[in-house]
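> pasting the sequence and the predicted coordinates here, then a few questions.
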Amino acid sequence: MPELLELKNVSKVYSRGLLSKTSTTALSNVTLNLSETEPTILTVAGESGSGKTTLAMLLLGFIAPTTGEILYRGQDISKLTGDARLTFRREVQAVFQDPFAVFNPFYTVDHLLTVPIQRFKLAKSKAEAFSKMEEALMAVGLQPNEILGRFPHQLSGGQRQRINVARALLLRPRLLVADEPVSMVDASLRATILETLRNLQRSYGVSIIYITHDLTTAYHISKSIIVLYRGAVMEAGDVDVVIKSPQHPYTRLLIDSIPWPDVNRHWGETEIKARESELNVHSTGCQFYARCPFAMDKCLTPPPLFRINDHQAASCYLYDENSSIKPEQLSEMLPV
Amino acid sequence: MTSQTQVNWAVTEAPAKDAKDPVLQVVNLRVSYYTDAGRALALDNVSLSLAAGEKLGLVGESGSGKSTMALAMMRMIKPPGRIEAGQVMVGDTDLMALDDRAMLRARLSKIAYIPQGAMNSLNPVLRIGAQMADAIRAHDSRASRSDIVKRSEKALASVDLNPSVAKMYAHELSGGMKQRVCIAISILLNPSVIICDEPTSALDVVTQRQVMETIDRVQKQIGAAVILIGHDMGLMAQFVDKVAVMYAGRLMELSTVRQMFTEPKHPYAQALIHSLPNLDNKGVFAGIPGLAPSLLRLPGGCPFHPRCSKVMDVCRTVVPPFDSLPDGRKVACHLYSTDMPKAA
Amino acid sequence: MATLALPQAQSYRPSQFRLAVKYLRRNPSLAIGLAIVIGLTLFTAIGLLTVNLKHAYPLQVASRQPPSLKYPFGTDFFGADLLPAMVLGLWQTALIGILAGALGTGIGAVLGFISAYFGGFLDTAIKGVCQILTPIPGFLIQIIIAGSIDKRDVTIYTMALVVMLLAWMGPTLVIRSQVLTMKERQFVSVAELSGMGDLGIIFTEIMPNLLPFLAAAFITQVFGAIFASFGLSVLGLGPLREPLMGNIIWQAQNQNAFINGWWWWPLEPAAAVVLILSSLALINMGLDEVSNPRIRRSE
């Protein structure tokens, strides 16, 4: 039985210029597997520029990898055509960050739900389609008669994002890519939306890749996590372990800088080396070299992933006494 | 052009002001928007005061009135909005009583405002230094070139930016740097009050911390009071001294940050705090059911009563006054009204 | 500076018509432009139905008569009644404008969409052709073409074709750039995720959003076409038998109408052209505001 999702040595490099090519590596050498039989929620964490959005675009088939391949249920997604492609589209869905941008301002919000029902033939009649839409809207806590027939600008951001999640519910995909689904939503509504996403996984067996920079929500919703920085995996493992005892210096900086809503827990004393210090440094080794307080000479060659314990691995030479694990084995570190 | 946040300059603190003298006093501010669909009461009798060096966090859902509050204090409400009542005293001056020219001069020199998305609103065709010079010249058209340069450099240094940034364009800077430029512009004329509207919403967590630490340092340096508007309670917990919670254009609670997080009084504030994720309650989600009311049709009495778990009959008809509690906090809730019997 | 986004009141929803009327009060260009166009259309329509159009041609009625009850617009040197001449001329001008405008916009839309959506070699080719042809002075070429066609072949339809030949590049490039922006919008990605194919996306997702824009491009093209045809006919290069506005003025010029005291003869078509063109320009300005909500005046 093929895996649900396999990324094999996937890299994405953007190069510009005709004569002398300047290239930016958005993602370098990511290998990942998601099991078909055990739906899980995996967090891909990183700041802007980490490659997490590139990863989302690759998974959804909007861009093609420069090297490596992405297999969905055993098939290379860049080679899918016809019916197979339609099936791929039906089974792999997304919830995006901006609640307003996903709506076509020309149509009412119903359009977002009716189009996939029609294209994927999810209902045999208009009445059935309507009842499915009502069901999905109520499941996210919205009143259908207050929502259907309205234009996107007439609703609040929270309502719009809930409609997006309702769309995901309606489609019952196998894989859901959630790209910062709650970052543009009020704090009081985040809990509800995240709860719905978790229900999707628990009750309907949907695997979710939760992309975010907010580690607090990641902690609550997911089981495993990989931390990206400038396209490379810094640390990966069980989310409880990684967040409560981060090993990689970057993860430590990240956790330290989280503004916990707790008056007793202050922003750490870790020194922040400003990002501008790396505007001129082109890193050939560890991507975090320019900002790392523990930088050593050997960091100029890319570090492999070192095993910290059964459920945690970090790519940092500070742990080079531990055994290193091959990229293919990364998924074993991620519990389900 | 590298820079680190650990900077070794001698910090000259502003002369200590009497902590009890409020540097900002807002009294019964009321703002309405007159639209085709009716009158929306955006701010209803909002009052608060701040001492020099104090940091106040203004939280609320979108539509609660927090940005309107900032615009009203700066007298930047445009039609169909109208400031209908209230005073905004900065020091001894009532901003509402000033004429247009005097208000122009008061902006930036007495009270500064960093709007949401400020970093994306820097003029793309002017160098940073030119924009700072513009701000200074608008207040003192006879300022000498060397004076302007000196002030600009001092402002840039206090936000930990290299003075060469003055010669750069906005697009050459990163998000965090642009936001720090906006902070620098806001302190050019040593205002007494700085209002920041979601200064870090588009920044990552690490840059966010850097920017907030910058605001903190800068504020201590010039002894200003800061109002931080946002909806990230975590940021409030880390940064401010007092927290004010707004709902549907009214202030619901005003407490110190410790009080707000450990023992919120108003049911809305309680629900907000309860819905925050933290490391000890993994997997427990508690949202607030219902939706904020439309400002065009506010419910009678307390605006929160339709969603309140502790609602009483009086809440539906009588607007609760924003009263002080014995420990100095202020709450607008009938549960704490001294002349009403407590809920059974 | 900032405006408050207010949630809509749930129960009060004014009807579309009332909203439209309210909007027109705030958009005077669109209102006035539309009013003039409607007025001219009514004049032409009623005229076509009631007036004897044969009198628009020479040798029909008494010549050189000033405006009077019998001949409300007067008559010209050749014995044509100017009222039916204006009616017919307006109709033909409109026809040229709309034909050339529709053709130009249509070609522009098709090429622009194809070019922007599919990209690659097709895009480079179409874009390249447009960019090479644009700097060519259109009016001069039109004069050469019109001047070298046998006079008998010049009809309103050949005029429309000539006028459109060098005007289609503008809409193509402009629509192309609009589609390029639209293509990157997230609702297009979502439509793709919902299983929509390329054609579906173009017609269902992108085009409706470009309608105000296409309308504005159409109006611009009509404006350009009427202006160009007017220019050509004033120089005597139009279909000389037809009472087009430009033709009337050309004939009036040839007969020294003003010096001879027949002031109504050139003035009436001149006024008509000014009305048509200014109303189109006003509508265009008004449409600009409709399609760009950011410059909408607040209530």
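Looks like it arrived, so ask away. Residues are numbered from 1 along each chain as shown, chains lettered A, B, ... in the order given.
> from here on, contacts and neighbour counts on C-alpha atoms
Will do.
> show me where the chain has helices.
Just so you know, I chose chain A. Under the criterion DSSP state H, chain A contains helices at A:52-59, A:82-91, A:110-119, A:126-139, A:144-147, A:157-171, A:187-204, A:215-221, A:239-244, A:249-256, A:330-333.
> hm, I was asking about chain B
Under DSSP H, chain B gives helices at B:66-73, B:100-109, B:128-139, B:145-158, B:175-186, B:205-222, B:233-239, B:257-262, B:267-274, B:313-317.
> quick check, pLDDT for the residue in the stretch 151-300 of chain A that chain C sits nearest to.
Residue of the stretch 151-300 of chain A nearest chain C, by CA to the nearest CA: A:Gln154 (5.8 Å). Note for A:Gln154: predicted pLDDT of 83.
> shouldn't A:Gly68 be in contact with A:Val10?
Yes - counting by CA atoms under 8 Å, A:Gly68 touches A:Val10, with 4.3 Å between them.
> rewinding a little: which one of the helices of chain A has the lowest average pLDDT?
The bottom spot among the helices of chain A, by mean pLDDT, belongs to helix A:330-333, with a mean of 72.
> any buried residues in that one, and which?
By neighbour count on 16 or more other CA atoms under 10 Å in any protein chain shown, the buried set for helix A:330-333 is A:Leu330, A:Ser331, A:Met333.
> list the contacts of the nearest residue to the last one once chain neighbours are set aside.
It refers to A:Met333. The spatial neighbour of A:Met333 that comes closest, neighbours along the chain excluded (CA to CA, 6 or more residues apart in numbering or on different chains), is A:His311 at 4.8 Å. Taking CA atoms under 8 Å, 6 or more residues apart in numbering or on different chains, we find A:His311 in contact with A:Gly237, A:Asp238, A:Val241, A:Met333, A:Leu334, A:Pro335.
> near chain C, which residues of the stretch 51-200 of chain B?
B:Gly63, B:Thr68, B:Met76, B:Ile77, B:Lys78, B:Pro79, B:Pro80 (CA under 8 Å from any CA of the partner chain).
> TSV for these, including distance to A:Glu6 and pLDDT?
What follows is those, written out as TSV (distance: CA to CA, whole Å; pLDDT from 0 to 100):
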residue	distance to A:Glu6	pLDDT
B:Gly63	44	75
B:Thr68	49	89
B:Met76	54	90
B:Ile77	54	89
B:Lys78	55	87
B:Pro79	56	84
B:Pro80	56	84
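> just the buried subset of those, please.
B:Gly63, B:Thr68, B:Ile77, B:Lys78.
> need phi/psi at the third one.
With angles defined as degrees, to the nearest 10, B:Ile77 shows backbone torsions of phi -80, psi 130.
> wait, it touches B:Ser67, no?
No - B:Ile77 is beyond contact range of B:Ser67, at 10.4 Å (criterion: CA under 8 Å).
> in TSV: the buried ones among the residues of the stretch 51-200 of chain B next to chain C, plus distance to chain A.
Compiled in TSV, these are given as follows (distance: CA to the nearest CA, whole Å):
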residue	distance to chain A
B:Gly63	9
B:Thr68	17
B:Ile77	22
B:Lys78	21
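> tally of neighbours for B:Tyr247?
Here the number of neighbours of B:Tyr247 (other CA atoms under 10 Å in any protein chain shown) works out to 24.
> export stretch A:71-89 as CSV, just CAs?
Output of stretch A:71-89 as CSV, limited to C-alpha atoms (Å, rounded to 0.1, in the frame of the first residue of the first chain):
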residue,chain,number,x,y,z
LEU,A,71,4.3,11.3,-5.0
TYR,A,72,0.7,11.2,-4.0
ARG,A,73,-0.4,7.6,-3.4
GLY,A,74,2.5,6.4,-5.4
GLN,A,75,2.0,8.7,-8.4
ASP,A,76,4.2,11.6,-9.4
ILE,A,77,1.8,14.6,-9.1
SER,A,78,3.5,16.5,-11.9
LYS,A,79,2.6,13.7,-14.3
LEU,A,80,-1.0,13.3,-13.5
THR,A,81,-3.6,14.0,-16.3
GLY,A,82,-7.3,13.6,-16.8
ASP,A,83,-9.3,11.6,-14.3
ALA,A,84,-6.3,10.9,-12.1
ARG,A,85,-5.6,14.6,-11.9
LEU,A,86,-9.2,15.3,-10.9
THR,A,87,-9.0,12.7,-8.2
PHE,A,88,-5.8,14.3,-6.9
ARG,A,89,-7.6,17.7,-6.8
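> buried residues in it, which are they?
A:Leu71, A:Tyr72, A:Arg73, A:Gln75, A:Ile77, A:Ser78, A:Leu86, A:Phe88, A:Arg89.
> okay, those in JSON lines with distance to B:Ala85 next?
Below are the buried residues of stretch A:71-89 laid out as JSON lines (distance: CA to CA, whole Å):
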{"residue": "A:Leu71", "distance to B:Ala85": "64"}
{"residue": "A:Tyr72", "distance to B:Ala85": "62"}
{"residue": "A:Arg73", "distance to B:Ala85": "65"}
{"residue": "A:Gln75", "distance to B:Ala85": "67"}
{"residue": "A:Ile77", "distance to B:Ala85": "62"}
{"residue": "A:Ser78", "distance to B:Ala85": "63"}
{"residue": "A:Leu86", "distance to B:Ala85": "60"}
{"residue": "A:Phe88", "distance to B:Ala85": "59"}
{"residue": "A:Arg89", "distance to B:Ala85": "56"}
